[in-house]
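S.K.: Here is my input; please provide its structure:
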Amino acid sequence: MPTFESFDGLTLSYQDDGDGDLVVLLHGFAADTNINWVRSGIFDVLVDDGYRAVALDARGHGLSAKPHEPDAYADGAMTRDVQALLDLLGSSGCCVIGYSMGATTTMRLAAVDPRVTRVVLLGVGGVTIADDGRDRRAFAAGLLVEDPSTITDPIAAQFRTLADSVRADRRALAAYASAEPPDVVGLLGQIHVPALIIAGIDDELAGSPEDLAARIPGATAVTVPGDHFTSNSQPSLHDAVIEFLASR
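M.R.: Below you'll find the model as predicted:
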C-alpha cells in the first residue's frame, strides 16, 4: 500500500485501485481497509463497476502510524487526514463512503470541504448521534485492561474482542478513544450534498438510519440485513451503494 505524510507529518497508508470517478473509503474503529472494505467485497464491487476506489487506513489503525498520545487524535485530526489525502490525489470532487467511525469523519468532512460531492454513511443512525458523547473512557479502559473478561460495558467488550482478533495496537486505539471528539450533531444541517445512510436491521450500536437521515437535508435511509459487524457484506447493501453512486 502506498503512503503519504499527513498535515502533521504522520505517515498514513492507503489502497488505490481502479479508474473513473473517485470514491474514498473510511473504515470503522479498530478495523482497517482490509477488514471493512476488502473482506466485505465493497472495494472490488466499486472497482468492477468502474470507479477509482481509494481506502485510507486511519491513524492508529491498519498499516498507518499509531501514535499513543490522545493529542494526536484531537482537533479533527482524522478529518484533516482525509483532506491531506484529497490534496495528494488532486481531487476536485469525490464521493466519500464511511463506516461507523469513518462515517462520523465523513459527516464532518462533508460539512466543511466542498470537494465532497456525495456521501454514503454505513453503520450509523439515530443511536450513533444520540451517543456521540458516549463515555469514551469506557472504551479506553476496556482496551487497556489486562483481563477482557472484567469489562462490564457490552459495547466496549465487543470492540475489545475485535481489537484482539485483528491484533490491533490497543494503546493507539485507547488514545483515540481518550481524545475529545469534534462535534458532529452541530454539523448535520451543514451537509448539503446527496447522502445515503445504511444500517443493519439488527445494528443496535447504530440505531435507526431514518432518525439520522431526518437531520441531514435531503438524505435517504436504507435498512439491510445484519448487525454492526455483518451488514457491510450484504449484497443488498452493495446494490444500494452502487445505485446511489450511479444516480445524478
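
S.K.: Format the CA atom coordinates belonging to the one helix or strand Ile97 maps to as PDB.
M.R.: Under DSSP states H and E, the secondary-structure element containing Ile97 is strand 94-99. Taking Å, rounded to 0.1, in the frame of the first residue of the first chain, the C-alpha atoms of strand 94-99 are listed here in PDB:
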ATOM      1  CA  CYS A  94     -15.400  12.700  -4.900                       C
ATOM      2  CA  CYS A  95     -17.900  10.600  -3.100                       C
ATOM      3  CA  VAL A  96     -16.800   9.500   0.400                       C
ATOM      4  CA  ILE A  97     -18.100   6.300   2.000                       C
ATOM      5  CA  GLY A  98     -17.600   5.900   5.700                       C
ATOM      6  CA  TYR A  99     -18.400   3.100   8.100                       C
END
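
S.K.: for the helix or strand just after that strand, packing partners?
M.R.: Using DSSP H and E, the next helix or strand after strand 94-99 towards the C-terminus is helix 101-112. Applying 3 or more Cβ pairs under 8 Å, 6 or more residues apart in numbering; DSSP states H and E, one finds that helix 101-112 contacts strand 22-26, helix 77-89, strand 94-99, strand 116-122. Every residue, glycine included, has its C-beta placed from N, CA and C.

S.K.: The ones you listed: which one's closest to Ser64?
M.R.: Evaluated over the helices and strands packed on helix 101-112, closeness to Ser64 peaks at helix 77-89, with 8.6 Å, by Cβ to Cβ.

S.K.: in this structure, what secondary structure element scores lowest on mean pLDDT?
M.R.: Between all helices and strands in the chain, the lowest mean by mean pLDDT, DSSP states H and E belongs to helix 126-130, at a mean of 73.

S.K.: so after that helix, what's the next helix or strand?
M.R.: Following helix 126-130 in sequence, per DSSP H and E, is helix 136-144.

S.K.: all strands of this structure, in order?
M.R.: Ranges of strands in the chain, per DSSP state E, are 3-5, 11-17, 22-26, 52-56, 94-99, 116-122, 195-200, 220-224.

S.K.: Pull the residues that contact the fourth one.
M.R.: Contacts of strand 52-56 from elsewhere in the structure, counted by Cβ atoms under 8 Å, 6 or more residues apart in numbering, are 12-27, 33, 37-38, 43, 46-47, 64, 81-82, 85, 89.
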